[in-house]
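In: kindly generate the corresponding structure for this input.
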Amino acid sequence: MIIKGLISILKSLPSIGILPEDTPAIKLRKRFMNSMALLMSNGGIMWGGISLYFGLLIPAIIPISYTLLTGVNLFYFHKSKNFRVYRTLQVLMSLALPFLFQWSLGGLIDSGAMMLWSFLALVGSMSVQDVRQSIYWLFIYLVLVIFSGFTDHLFADYSINLPKSILIWFFVVNIAFISAVIFGLMLYYIDSRIKAGTELETLNSTLEEKVETRTQELQEINNVLNNMNDELWSTINQVEEQNKIIEHKNKNITDSLNYARRIQRAILSNSDQVCQKLKEYFVFFRPKDIVSGDFYWFHCDNDYFIAAAVDCTGHGVPGAFMSLIGDSLLNQIILDKHIMDPGLILHQMDEGVARALKYEENNRRDGMDMALIVINKYNNEVRFAGAKSSMVFIQGGEVNTIKGESYPIGGGYTKITKNFTTQYVTIKPDAMIYLYTDGFVDQIGGSANRKYLNNRFREFLLTQYQFSAQEQHQNIDKEFDSWKGNLSQTDDVLVLGIRV
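Out: Below you'll find the model as predicted:
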């Protein structure tokens, strides 16, 4: 039983590192390299034993080391399955160590031309690698041979001084053993190729049967598909006609939306022209859709500057209609009625939205959030009123927040009495005032896919307020895109920055 077990282990050694998914050609290369390593290891054991028999203890280390290193390399290949590293190390050892053994015995004659063993490394390289890699190994082999020829006399001091008859036997043993190894490898290679060819023929036969069976199945399926083909073409033609109709309607809708955007941008550009009288300001405006439910409004006269950031219910077309109502009401209240008190302006806006949307006749809850400031140009006094919006101002490295009321303008709140309070604050020169809608702070993003939130936004503004308005606009744009990443934009975004 023990002998059968050992025989079974020895038979399995050439198959070390072979994977089930390897092709027959790859399996053949791995078996050939394993067989070469095992046969040369036998040679290492033989020459290690001969060296020890003649008392050559130090030279004996080289062939014995080769056998041990081959065992370690085979174990590495068994665990890692890395054939490239395994074959490179094995060819390198098989090429170099015979020359070292020859030099340790005193040179070419005293060793019986031990360097002939290195030729087996070339045989292995040609069998498991491509031509270019084999040429590299041949070049190294020729360099070692030439080097050995020029320096052979230098190793005479290490001569083992054995009788000539024994040295002749060294030559005979090397030539006989190497010839036997090469012959055995060739027989194994030919036998393995025959087995691989048989496996390939069997595989091809199996595949042909599967292909034939699959072809019959496909023919049956094809017959069914042919029967369905006419119906499908009829359906496709109908779908194409419907697609053309839909594309035409979509084009009309898109053209209408683009025209609406031009109207909305024209209204906003009027405010931009007013703002040319400001010391320094920026508007970061990023609609979610073609048209926006967020809008800004500016007005400037000899004594006051007025700014508003407004977030209407929804976005896109519904929000854009609400923004037109809001812009029209602001024009009526401020430009026509000359009302300059923020709280009164928001109160008038609330009544105007209620009338426009007829809350008493329906159950609609549309409205708008608004932050509105009135700046006195002469004493930097700022009046503020807000509907679910706040004003942020930064001066002296400190962030200050003035909160507005907790209810919106409109929104269907008909059963409560709204009181929009005007709040007063004096701002130092070069301070920055920020008004913004909730689009930025509600944007989902970051590494955890969470909202940006007000606290983070105020901390970010603190790092920006000393820059110019243009630089702040660019940095806010970068911060928003960085936070959003590849996610879609959540809502319309509006941020106003004004230098007092």
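In: which residues of the chain fall in helices?
Out: Assigned by DSSP state H, the helices in the chain fall at 2-12, 24-53, 57-80, 83-104, 108-111, 119-128, 131-151, 164-274, 316-330, 342-357, 454-462, 469-484.
In: what are the buried residues along the last one?
Out: Of the residues in helix 469-484, those scored as buried under the neighbour-count criterion (16 or more other Cβ atoms under 10 Å) are 469, 472-473, 476, 479-480, 483-484. Bear in mind the C-beta positions are built from the backbone N, C-alpha and C, glycine included.
In: who does it touch, helix- and strand-wise?
Out: The elements that helix 469-484 packs onto, with contact taken as 3 or more Cβ pairs under 8 Å, 6 or more residues apart in numbering; DSSP states H and E, are strand 280-286, strand 444-445, strand 493-499.
In: tabulate those strands (CSV), appending distance to residue 150 and mean neighbour count.
Out: Listed next are those as CSV, based on distance: least, Cβ to Cβ, whole Å; neighbours: other Cβ atoms under 10 Å:
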stretch, distance to residue 150, mean neighbour count
strand 280-286, 78, 19
strand 444-445, 72, 18
strand 493-499, 80, 24
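In: want to throw those strands into JSON lines with distance to residue 96?
Out: Converted to JSON lines, those look like this (distance: least, Cβ to Cβ, whole Å):
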{"stretch": "strand 280-286", "distance to residue 96": "68"}
{"stretch": "strand 444-445", "distance to residue 96": "59"}
{"stretch": "strand 493-499", "distance to residue 96": "69"}
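In: still on that earlier bit, can you redo the buried residues of helix 469-484 as JSON lines with pLDDT?
Out: Shown next, in JSON lines, are these (pLDDT from 0 to 100):
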{"residue": "469", "pLDDT": "93"}
{"residue": "472", "pLDDT": "96"}
{"residue": "473", "pLDDT": "96"}
{"residue": "476", "pLDDT": "97"}
{"residue": "479", "pLDDT": "97"}
{"residue": "480", "pLDDT": "96"}
{"residue": "483", "pLDDT": "96"}
{"residue": "484", "pLDDT": "95"}
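In: show me which of those residues is closest to residue 202.
Out: residue 484 (58.6 Å; Cβ to Cβ).
In: what sits against the closest one?
Out: 443-445 (Cβ atoms under 8 Å, 6 or more residues apart in numbering).
In: do you know how far the closest residue to residue 36 other than its chain neighbours is from residue 235?
Out: Counting by Cβ to Cβ, 6 or more residues apart in numbering, residue 36 lies nearest to residue 124, which is 4.4 Å off, once chain neighbours are set aside. Relative to residue 235, residue 124 is positioned 64 Å away (criterion: Cβ to Cβ, to the nearest Å).
In: what of residue 386?
Out: Residue 386 is 57 Å from residue 235, by Cβ to Cβ.
In: of the two, which one has the most company?
Out: Between residue 386 and residue 235, counted using other Cβ atoms under 10 Å, the more crowded position is residue 386 (25 against 11).
In: name whatever forms a beta bridge with the more buried one.
Out: Here residue 386 sits in beta bridges with residue 371, going by DSSP bridges.
In: in contact with it, which residues?
Out: Taking Cβ under 8 Å, 6+ apart, one finds 346, 370-372, 402-405 in contact with residue 386.
In: any quick PyMOL command for the buried ones out of those?
Out: A single PyMOL command selects the buried members of the contacts of residue 386 (16+ other Cβ under 10 Å):
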select buried, resi 346+370+371+372+402+404+405
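In: adding pLDDT, write the contacts of residue 386 out as JSON lines.
Out: Compiled in JSON lines, the contacts of residue 386 are given as follows (pLDDT from 0 to 100):
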{"residue": "346", "pLDDT": "96"}
{"residue": "370", "pLDDT": "97"}
{"residue": "371", "pLDDT": "98"}
{"residue": "372", "pLDDT": "98"}
{"residue": "402", "pLDDT": "97"}
{"residue": "403", "pLDDT": "96"}
{"residue": "404", "pLDDT": "96"}
{"residue": "405", "pLDDT": "95"}
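In: turn the contacts of residue 386 into CSV, columns for distance to residue 243.
Out: Below are the contacts of residue 386 laid out as CSV (distance: Cβ to Cβ, whole Å):
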residue, distance to residue 243
346, 48
370, 43
371, 45
372, 47
402, 54
403, 52
404, 49
405, 50
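In: and the spatially closest residue to residue 472 that is not a sequence neighbour, how many neighbours?
Out: Excluding the flanking residues, the one nearest residue 472 by Cβ to Cβ, 6+ apart is residue 464, at 4.8 Å. Residues lying near residue 464 (other Cβ under 10 Å) number 18.
In: hmm, back to that, and of the contacts of residue 484, the nearest to residue 418?
Out: Of these, the one sitting nearest to residue 418 (Cβ to Cβ) turns out to be residue 443, at 29.0 Å.
In: hmm, residue 490 and that closest one touching each other?
Out: Yes: between residue 443 and residue 490 there is a contact at 5.1 Å, judged by Cβ atoms under 8 Å.
In: any idea how the protein splits into domains?
Out: Domain ranges of the chain: 23-211, 262-499, per automatic domain parsing.
In: of those domains, which shows the lowest average pLDDT?
Out: Lowest mean pLDDT within those: domain 23-211, a mean of 80.
In: ok, now how distant is residue 376 from residue 43?
Out: 103 Å.
In: residue 380 touches residue 428, doesn't it?
Out: Yes: at 7.1 Å, residue 380 and residue 428 qualify as touching, with contact defined as Cβ under 8 Å.
In: shared neighbours of these two, which are they?
Out: Shared contacts of residue 380 and residue 428, defined by Cβ under 8 Å, 6+ apart, comprise residue 500.
In: neighbour count winner among these two?
Out: residue 380 (14 against 10).
In: now the more buried one. Nearest residue, chain neighbours left out?
Out: residue 427 (4.9 Å).
In: let me see the contact set for that neighbour.
Out: Contacts of residue 427 (Cβ under 8 Å, 6+ apart): 375, 380-382, 393, 395, 433, 500.
In: got the phi/psi numbers for it?
Out: Main-chain dihedrals, residue 427, degrees, to the nearest 10: phi -100, psi 140.
In: against residue 338, how distant is it?
Out: For residue 427 relative to residue 338 (Cβ to Cβ), the value is 24 Å.
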